[in-house]
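Asker: Need a 3D model of the sequence below.
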Amino acid sequence: MAVSEDILRENYRRLSDDKLLRIVSEDAVRLRPEALALLQDELRTRGLAEVAEQSVQAQFRVLDEAGVQEYCALLQAQPCPLCQSAARPLNATITSKVLSFLVMTTQKKAFAIACPGCLDTLSREANTSSALLGWWGVPWGLIRTPQALIFNNKMAKGHHLPYANDLLKAFVVSNVGRIEAAKGNPADLQNIIRAPRLG
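Answerer: Numbers count the residues shown, from 1 in each chain. Down below sits the predicted model:
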């Protein structure tokens, strides 16, 4: 059952500017057309329509390889969120960490965007934790730990590429609205890469 337009309009009216901008920059493609129209009306009322419109258009536009590369270059030019260095272009990785205690084993994967040196450090830390603390669970620690070590070593091969790796491209495609909304604001771009959400 769909929410009535009046209820939706009132809900949008109650939200803060930041919340409305986050919805329009992250979820515009998931909204029903009438819900998006109501959201855009509320943004127009608040004088935020121009900022939001570019983000909406970016989400509905089909990105070609050149468009993906343009957004990747924008992110890669930012300082590293971990060490603040701007000497090397940023890239992305996923690390896998396994921790075990007797019959309990946990595996945690984390996505990060950083400079190649910091990505290497994140992979090394995940490997060290897994190698020291992953083996102790029976049977999953013995299975998951080698998987994590192999996975981390495979991911590390993409850290030092002179171009955006596939993970960074996937991040850009799934976050194009957020990136477009933050395009002119380095602090907002830093927030996007400091706490990235993939997919």
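
Asker: In this structure residue 21 contacts residue 48, no?
Answerer: Yes - Residue 21 is within contact range of residue 48, at 6.5 Å (criterion: CB atoms under 8 Å). To be clear about C-beta, it is placed using only N, CA and C from the backbone, and glycine gets the same treatment.

Asker: Same drill for those two, tell me which one is more crowded.
Answerer: Using other CB atoms under 10 Å, the more surrounded residue of residue 21 and residue 48 is residue 21, with 19 against 16.

Asker: list the buried ones in the one helix or strand the more buried one maps to?
Answerer: With elements delineated by DSSP states H and E, residue 21 resides in helix 17-27, which encompasses its position. By neighbour count, and taking 16 or more other CB atoms under 10 Å as the criterion, the buried residues in helix 17-27 are 20-21, 23-26.

Asker: Could you list the residues in contact with that helix?
Answerer: 12, 15, 31, 39-40, 42-43, 46, 48, 51-52, 55-56, 59, 175, 177-178, 180-181 (CB atoms under 8 Å, 6 or more residues apart in numbering).

Asker: try stretch 43-58
Answerer: Defining contact as CB under 8 Å, 6+ apart, one finds that stretch 43-58 is touched by 17, 20-21, 24-25, 28, 36, 40, 176-181, 183.

Asker: distance between that stretch and the chain's centre?
Answerer: A distance of 22 Å separates the centroid of the chain from that of stretch 43-58, by CA atoms, centre = their mean, to the nearest Å.

Asker: go on, stretch 191-198?
Answerer: The gap between the average C-alpha position of stretch 191-198 and the chain average comes to 4 Å, counting by CA atoms, centre = their mean.

Asker: Ok, stretch 69-84 next?
Answerer: Its chain's average C-alpha position is 13 Å from that of stretch 69-84, according to CA atoms, centre = their mean.

Asker: Report the buried residues of that stretch.
Answerer: 69, 71-72, 75-76, 78-82.

Asker: Kindly report the same for stretch 39-46.
Answerer: Neighbour count says stretch 39-46 has 39-40, 42-43 buried, by 16+ other CB under 10 Å.

Asker: in the lowest-mean-pLDDT helix or strand in the chain, what's buried?
Answerer: Using mean pLDDT, DSSP states H and E, helix 49-60 stands out as the lowest-scoring helix or strand of the chain, at a mean of 82. Within helix 49-60, the residues that qualify as buried by neighbour count (16+ other CB under 10 Å) are 51-52, 55-56, 58-59.

Asker: Which SSE is immediately downstream of it?
Answerer: Using DSSP H and E, the first helix or strand after helix 49-60 is helix 65-76.
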